[in-house]
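Chemist: Kindly return the folded structure for what I paste below:
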Amino acid sequence: MRLRHHGIDVPYPLSVLRGRLRLCGLSHLESSRVLNDVKDLDSLDDLLNHVRTALKKRSDSTIKDFELLTKYEELRADKTVPSLVIIMSGASATGKSIVALELVNDLVATRFISTDTVRQVLRNTVEKETHPELFTHTYQAHVHRQAGPEELLPTVRGFLAQCELITPHIKSMTERILSEGTLGVVEGVHVIPGELQGLSHGVVELLINPEEEVHRAMFISKHESGLRTVSEDPETRSQEFVVTREIQQYLSDEATREKVPIIAMNNFEDAYNQVANIILERVRRMVTD
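Modeler: Here you go, the predicted structure:
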C-alpha cells in the first residue's frame, strides 16, 4: 500500500505491522485479518487506528504490547532508545536458524548475519594450511586445533579455536548494526553466550536448547533437508552428535553463568513465543527506563 508522508504518497510495507502483531501473539492468519481492508487509508495514524480498533476484541495485554512496540519504534526513530539486535546461538541442528528467520520477518530486520556465512567468507581470505580448523564443521575442528582453558573437553576447545577466528568479526558487524540504528538478527554457533550483550541494552542474547533426544533426531536427519555438506551415514552422524552435544552443553553452561535466557525447543511455535516474550520485556525496559 501507499501512505502520505510529507505530502507525497510513498510505499509502506504492511509487513511492519504484521510482524508487530505476530510479536504480540497473533498468528499469521490473525495478523493478516487485522490488516484487511486498509487500502483506502491515507496516513500511518489512520493505519494504526485501524489496527487499534481491530484489537479491541483482543485481550488488554495484546493491546498494551502493540502500543509498547509502536512507542518503541517512535523512540528509536528519535534515537532515544537503541536498536534491537537479537543474537540467537546454539550448536548445529538446534533449530535456531528457523526461529531466527521467523524473527527477521516479524522484526522486519534489514540486517541478518549467519555466523556460518562469516566462516565461509573467512575461508576465502586465509590459507587452509594455516587454519585448517576453519575449514571444518564445529564438531570436527578439535582434530586440527584447540584453544581455551585446558580443563575443557578437547571437542569444546576445537570449537573455541573456530570462535577465535570468527567471533571478533561477528562483534564488529553487530557494532555496525547498532551504529546504524537499524534492527538486526544474528544466528549461529560462533557466539558464546555473554560475549555480545554488553555492547548495548538493545542486544538480546538467546540460546536455543532442545532436549537431547530431540536434538539427536534433528541432527542425524539434517541431511534429509538437502544439506550436502553433512554425512549421510547414520553411524558417522551419531558420533558427530556426541561432539555436538558436548558443545551445546558448554554453551548452556555459559548461558546459565552469564544469565542469558535459554529457550526450550520443544516445537518451533513455542520457542518463537518464548523469544517474542523476551523481546517484549526488553523493549518494555528500554521504553520505561
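Chemist: neighbours around residue 207, how many?
Modeler: Neighbour count of residue 207, defined by other C-beta atoms under 10 Å: 26. Glycine gets a C-beta too; all of them are placed from N, C-alpha and C.
Chemist: Just list whatever residues bridge to it.
Modeler: With DSSP bridges applied, residue 207 shows beta-bridge pairing to residue 89, residue 262.
Chemist: quick one: it and residue 194 touch, right?
Modeler: No: the pair residue 207 and residue 194 fails to qualify as a contact (C-beta atoms under 8 Å) at a distance of 10.1 Å.
Chemist: who touches both of the two?
Modeler: Counting by C-beta atoms under 8 Å, 6 or more residues apart in numbering, the contacts common to residue 207 and residue 194 are 255, 260.
Chemist: all helices for the stretch 101-250 of the chain, in order.
Modeler: Using DSSP state H, counting those that start in this stretch, the helices of the stretch 101-250 of the chain run over 115-123, 154-180, 212-220, 234-258.
Chemist: would you turn those helices into a markdown table with distance to residue 88 and mean neighbour count?
Modeler: Formatted as a markdown table, the helices of the stretch 101-250 of the chain follow (distance: least, C-beta to C-beta, whole Å; neighbours: other C-beta atoms under 10 Å):
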| stretch | distance to residue 88 | mean neighbour count |
| --- | --- | --- |
| helix 115-123 | 10 | 16 |
| helix 154-180 | 12 | 19 |
| helix 212-220 | 15 | 17 |
| helix 234-258 | 12 | 17 |
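Chemist: Quick one: closest of those helices to residue 53.
Modeler: Closest approach to residue 53 among the helices of the stretch 101-250 of the chain (C-beta to C-beta): helix 154-180, 34.1 Å.
Chemist: just the angle between the closest one and helix 115-123, please?
Modeler: Angle of helix 154-180 versus helix 115-123, following axes from the mean of the first three to the mean of the last three C-alpha atoms, to 10 degrees, is 100 degrees.
Chemist: Please name the residues that touch residue 97.
Modeler: When contacts are counted by C-beta under 8 Å, 6+ apart, residue 97 touches 114, 187.
Chemist: and it, that one's in a helix?
Modeler: Yes: under DSSP: H, G, I helix; E, B strand; the rest coil, residue 97 sits within a helix.
Chemist: who are the neighbours in contact with residue 52?
Modeler: 63, 66.
Chemist: do the same with residue 17
Modeler: Neighbouring residues of residue 17 by C-beta under 8 Å, 6+ apart: 35, 47, 48, 51.
Chemist: Between the residues you listed, which sits nearest residue 175?
Modeler: Nearest to residue 175 among these, counting by C-beta to C-beta, is residue 48 at 32.3 Å.
Chemist: May I ask you to confirm that the closest one is in contact with residue 69?
Modeler: No: the criterion here is C-beta under 8 Å, and residue 48 misses it with residue 69 at 11.0 Å.
Chemist: Looking at those two, which is more packed in?
Modeler: Neighbour count, other C-beta under 10 Å: between residue 48 and residue 69, residue 69 has more, with 22 against 16.
Chemist: which element is that one on?
Modeler: Assessed by DSSP states H and E, residue 69 sits inside helix 60-77.
Chemist: Could you pull out the buried residues of that helix?
Modeler: 63, 65, 66, 68, 69, 70, 71, 72, 76 (16 or more other C-beta atoms under 10 Å).
Chemist: now, which of these sits nearest residue 85?
Modeler: Nearest to residue 85 among the buried residues of helix 60-77: residue 76, at 12.1 Å, using C-beta to C-beta.
Chemist: How far away from the center of its chain is stretch 54-70?
Modeler: With C-alpha atoms, centre = their mean, to the nearest Å as the basis, stretch 54-70 stands 24 Å off its chain's centre.
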